[in-house]
Every structure is written in structure tokens, then in C-alpha cells.
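> structure of the sequence below:
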Amino acid sequence: MTPAALDWSVENCTIARAMEILGERWTLVVLREVFNGIRRFDDMRVRTGIPRQVLTNRLAVLVERGVLRREPYQEPGSRVRHEYRLTEMGLALWPVLVAVLGWGDRYLAGPEGSPLRVAHRDCDAEVRVELRCAEGHEVTEPRDVLPRPGPGARRRTP
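Purely as a prediction, here's the structure:
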């Protein structure tokens, strides 16, 4: 028996489209920095060790694709430079970063634990990502989820 997914095209897959933007090695590191308030190129480069040209290219793609926007600033006596701010699209990636952090903490943290903690501003409780269906049920096991064709699905043509 062949999987039902083989009946459907993946040419317009939104996971693939998202990974065109997010799939490069340094992208989530850049987004981590911006979420942590590091918005200036030189600060990002020094803090992360990302090569200058790689960082330039990553920021350009994130701006071009609408994840970040450039804001001009000028230090006294210096030329105008830009810092990078999250757009609405970029802010919507926060749960993705929290999920990646949780996965990394679970499987990749050193014996001393995670170097980063994310907490709710109002009560200081740990923030984590949980999956729930539209009816409010918590989904904890991958096998409890069934992939179904969505409204944009197209039948695969042989």
C-alpha cells in the first residue's frame, strides 16, 4: 500500500517555501540575535562570529523576504548605518525559535544545562511551545497527528 501523500503535489508546499528563507545555516542565529535585542551589524558579527559576507547576505535575504526591515541610525560624527528590526512576519517566528531552543535544550545542552532561558514577562515562568488542536486538546505525540490535504493542495500529475 502506498502512502496517500504520494497522491498530492508538493510543488506549492509552504514548508519548502519557508525553508527557502529559513533553511540556511545562520538564519536562525541571526533571528536569535534580533529577538535578543542585537540589531546592529557589527554587534551581530562580533557576538556570533558569522563571516562578514555571510551576515551581509543573510540580512539582505531576510530584508528582501520581509522578515526584517532596515532602520537608519547615525552615531555623532559617523555615516548613516542601519539596524535590523523584526517585521510582523519576523515576530511570528518567535514560537519557532522557542521550539528549536526547547529541542536543543532537550537533546544538545551540556551537563550544566541551557545557556538561555525564556520567561514570561508578567510572571517569570518558563515559556515553551505546546501543540493543541483547534478544539483545545494538547497534542503530545507525532502519531496523534494526521496529515490531510489543505485548501491549496493539488493532485499530483504522473
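
> which parts of the helix or strand of the chain at the bottom of the mean pLDDT ranking are buried?
Within the chain, confidence by mean pLDDT, DSSP states H and E is lowest for helix 14-22 among all helices and strands, at a mean of 91. Judged by neighbour count (16 or more other CB atoms under 10 Å), helix 14-22 contains these buried residues: 21, 22. C-beta coordinates here come from the backbone N, C-alpha and C atoms, glycine included.

> okay, the angle between the helix or strand following that helix and helix 14-22?
Using DSSP states H and E, the next helix or strand after helix 14-22 towards the C-terminus is helix 27-35. Interaxial angle, helix 27-35 versus helix 14-22 (axes from the mean of the first three to the mean of the last three CA atoms, to 10 degrees): 70 degrees.

> elements contacting whichever helix or strand comes after helix 27-35?
Using DSSP H and E, the next helix or strand after helix 27-35 towards the C-terminus is helix 41-48. In terms of contacts (3 or more CB pairs under 8 Å, 6 or more residues apart in numbering; DSSP states H and E), helix 41-48 is packed against helix 27-35, helix 52-64, strand 81-86.

> nearest to residue 100, out of those?
Smallest distance to residue 100 across the helices and strands packed on helix 41-48 (CB to CB): 6.3 Å, for helix 27-35.

> pull the closest one out as CSV, backbone CA atoms only.
Extracted C-alpha coordinates of helix 27-35, given in CSV (Å, rounded to 0.1, in the frame of the first residue of the first chain):
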residue,chain,number,x,y,z
THR,A,27,19.4,32.3,9.6
LEU,A,28,18.0,31.3,13.0
VAL,A,29,21.2,32.5,14.7
VAL,A,30,20.6,35.9,13.1
LEU,A,31,17.0,35.9,14.2
ARG,A,32,18.0,34.8,17.7
GLU,A,33,20.2,37.9,17.9
VAL,A,34,17.5,40.3,16.7
PHE,A,35,15.0,38.7,19.1
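
> packing partners for it?
Helix 27-35 is packed against helix 41-48, helix 52-64, strand 81-86, helix 94-107, with contacts defined by 3+ CB pairs under 8 Å, 6+ apart.

> now that helix: mean pLDDT?
For helix 27-35, mean pLDDT is 96.

> residues making contact with that helix?
21-22, 43-44, 47-48, 50, 55, 58-59, 61-62, 67-68, 84-86, 90, 93-94, 96-97, 100 (CB atoms under 8 Å, 6 or more residues apart in numbering).
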